[in-house]
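**Q** I would like to see how this sequence folds:
(chains A, B, C and D)
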Number of protein chains: 2
Amino acid sequence: MFYTFLMPPRPQRTLSQDIVPEVVSAALYLITEEGPEGVTVRALARHAGVAPMSIYNHFGGKNGVIDAIIVEGFGHLALFADTTLEDPYENLVAGSRAYRDFALQYRAHYTVMFLHRFIDYTPSRDTVGAAFNGFAILAGQVQACLDAGYFPQRQCVDVAQQLWATVHGYVALEISEINFASDRSAVFGDLIEGLLAGLDRR
Amino acid sequence: MFYTFLMPPRPQRTLSQDIVPEVVSAALYLITEEGPEGVTVRALARHAGVAPMSIYNHFGGKNGVIDAIIVEGFGHLALFADTTLEDPYENLVAGSRAYRDFALQYRAHYTVMFLHRFIDYTPSRDTVGAAFNGFAILAGQVQACLDAGYFPQRQCVDVAQQLWATVHGYVALEISEINFASDRSAVFGDLIEGLLAGLDRR
DNA sequence: AGAAAGTGTAGAACACCGTTCTATAGTTGG
DNA sequence: CCAACTATAGAACGGTGTTCTACACTTTCT
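**A** Reported below is the predicted structural model:
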């Protein structure tokens, strides 16, 4: 009764505005430590210090947490990969390196975005929009190259698909620890420059 | 008592030698129809017409079924990708196309092998051996190119990793229905030829 | 032919999962 | 200070992988 002002400031139940970031943070922790299958509603609630019901009140269920992570991931990816170098060709190389940097730095996000399929998960409208925005950034960088005369006789969407597939494939195997390259970063750079040079041959 | 010889030949319980192929077949069906998460011990037993306990008696559990599919998949992949054209460069192109053909034709196998991680699954000794054998085939084809003077200044393992990453990335996005290319097969061929030409530039 | 050994089956049980529902208790705004 | 809101605890439902037990069918040996 007397020393109430010395009590910890945290109330007996989590504040509403703290629940969403706490749960997302817990999800990323669980993915990193136990893999995507470690993300369960009960484990999320336990690690976030909230009640399981909060997952449903604030996210509409487990898949809502997945959606939040994917949208957040595409936000980070856009910040990384939307490079603005003058030379469009060098910009494409820089963007590819930035994509890999994002994937390695935000492995949990990248896993949820591209490497793991959760049960009964179907992306929300926001998630689809964020994904299309990401592909649009890549397509814009490729189009700038086409406008500058690179990649003759090729369509923008095809080159974008080829580059994305290559970068994703390398990163996917790297994150899955299936990589035997002598120098992972150098071999990646060599791969991108080799691919772009090959697609630009005339 | 009298017409016993007219009874259906199938005994009341599944013959031992039929259980393994029946269960593997049921697993591939479930992956194709319902995705990897549709593979449950009870569903496997139901579709294979066996008792759930048979999964444990013959495979040691659900992960044993996964192992069997992966080993079978690497066997098929070896048959596809171990091409033997005279020109080592053209052989690498043919092998890459065969890899994609395998992935598209055996989507369930490919999904289990490279696209989905099952809970608590760790590959058996046989599975690891089959995987290394697969990478060895690719490395051998690359080495033949190096011996013939292709890909100067490059290491065999690096080129193999680059080519595998590219092929896997394209196929992974294609199977995941994330492919915007105008002509999927042609764009894939163009990708491989472009990459190899780029890695071979001097 | 008949008994013994081997093995596939059925079913219950355990702890876990996502999800829904209820009643309670803490927080906040009028 | 009371009413509206909302986070919480807990039970409940049908699923999951896995283990165990009792039983019935096959096969094999004598």
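**Q** Can you report how many residues lie near the closest residue to chain B within chain A?
**A** For chain A, the residue closest to chain B is A:G169, as judged by Cβ to the nearest Cβ, at 2.0 Å. C-beta coordinates here come from the backbone N, C-alpha and C atoms, glycine included. Per other Cβ atoms under 10 Å in any protein chain shown, the neighbour tally for A:G169 reads 23.
**Q** Run through the neighbouring helices and strands of the helix or strand that contains it.
**A** Per DSSP states H and E: A:G169 is located in helix A:156-175. Taking 3 or more Cβ pairs under 8 Å, 6 or more residues apart in numbering or on different chains; DSSP states H and E as contact, the helices and strands that helix A:156-175 lies on are helix A:88-105, helix A:107-110, helix A:125-147, helix A:184-200, helix B:156-175, helix B:184-200.
**Q** Can you tell me which of the ones you listed is most buried?
**A** helix B:156-175 (a mean of 23; mean count of other Cβ atoms under 10 Å in any protein chain shown).
**Q** Which element is encountered next along the chain beyond the worst-scoring helix or strand of chain A on mean pLDDT?
**A** When the helices and strands of chain A are scored by mean pLDDT, DSSP states H and E, helix A:16-34 comes last with a mean of 92. Sequence-wise, the next helix or strand downstream of helix A:16-34 (DSSP H and E) is helix A:41-48.
**Q** Off-centre distance for that following helix?
**A** The chain centre lies 22 Å from the centre of helix A:41-48; the measure is Cα atoms, centre = their mean, to the nearest Å.
**Q** Is any residue of it near DNA strand C?
**A** Yes - using Cβ under 7 Å from any atom of the strand, helix A:41-48 reaches DNA strand C at A:41-43.
**Q** can you list the residues of chain A near DNA strand D?
**A** Counting by Cβ under 7 Å from any atom of the strand, the residues of chain A near DNA strand D are A:13-16, A:19, A:49-54, A:57-58.
**Q** Taking those residues together, which two end up most distant?
**A** Largest separation among the residues of chain A next to DNA strand D by Cβ to Cβ: A:L15 and A:P52, giving 17.6 Å.
**Q** give me the subset of the residues of chain A next to DNA strand D touching chain B.
**A** Restricting these to those within reach of chain B (Cβ under 8 Å from any Cβ of the partner chain) leaves nothing.
**Q** Now the element after the one helix or strand A:Y56 maps to, going C-ward?
**A** Using DSSP H and E, A:Y56 sits within helix A:52-59. Remark: after helix A:52-59, the chain's next helix or strand is helix A:62-81, criterion DSSP H and E.
**Q** For that following helix, give the mean pLDDT please.
**A** Per-residue pLDDT values across helix A:62-81 average out to 97.
**Q** touching chain B at all, that helix?
**A** No - Helix A:62-81 stays clear of chain B (Cβ under 8 Å from any Cβ), getting no nearer than 13.0 Å.
**Q** Can you name the residues in contact with that helix?
**A** A:20, A:23-24, A:27-28, A:39-41, A:44, A:55, A:58-59, A:95, A:98-99, A:101-102, A:106, A:108-110, A:112-113, A:118, A:120-124, A:126-127, A:130-131, A:133-134, A:137-138 (Cβ atoms under 8 Å, 6 or more residues apart in numbering or on different chains).
**Q** what does stretch A:97-105 give?
**A** Under Cβ under 8 Å, 6+ apart, the answer for stretch A:97-105 is A:76-77, A:80-81, A:83, A:110, A:167, A:170-171, A:174-175, A:188-189, A:192.
**Q** Closest one to A:Q155 out of these, please.
**A** A:V167 (18.5 Å).
**Q** Wait, the closest one touches A:I192, no?
**A** Yes - the pair A:V167 / A:I192 is scored as a contact, 7.1 Å apart, by Cβ atoms under 8 Å.
**Q** list the residues that contact both of those two?
**A** A:S96.
**Q** Show the contacting residues for the nearest residue to A:V23 once chain neighbours are set aside.
**A** Once flanking residues are discounted, A:V23 sits nearest to A:A48: 4.6 Å by Cβ to Cβ, 6 or more residues apart in numbering or on different chains. The contact partners of A:A48, taken as Cβ under 8 Å, 6+ apart, are A:14, A:19, A:22-23, A:25-26, A:54.
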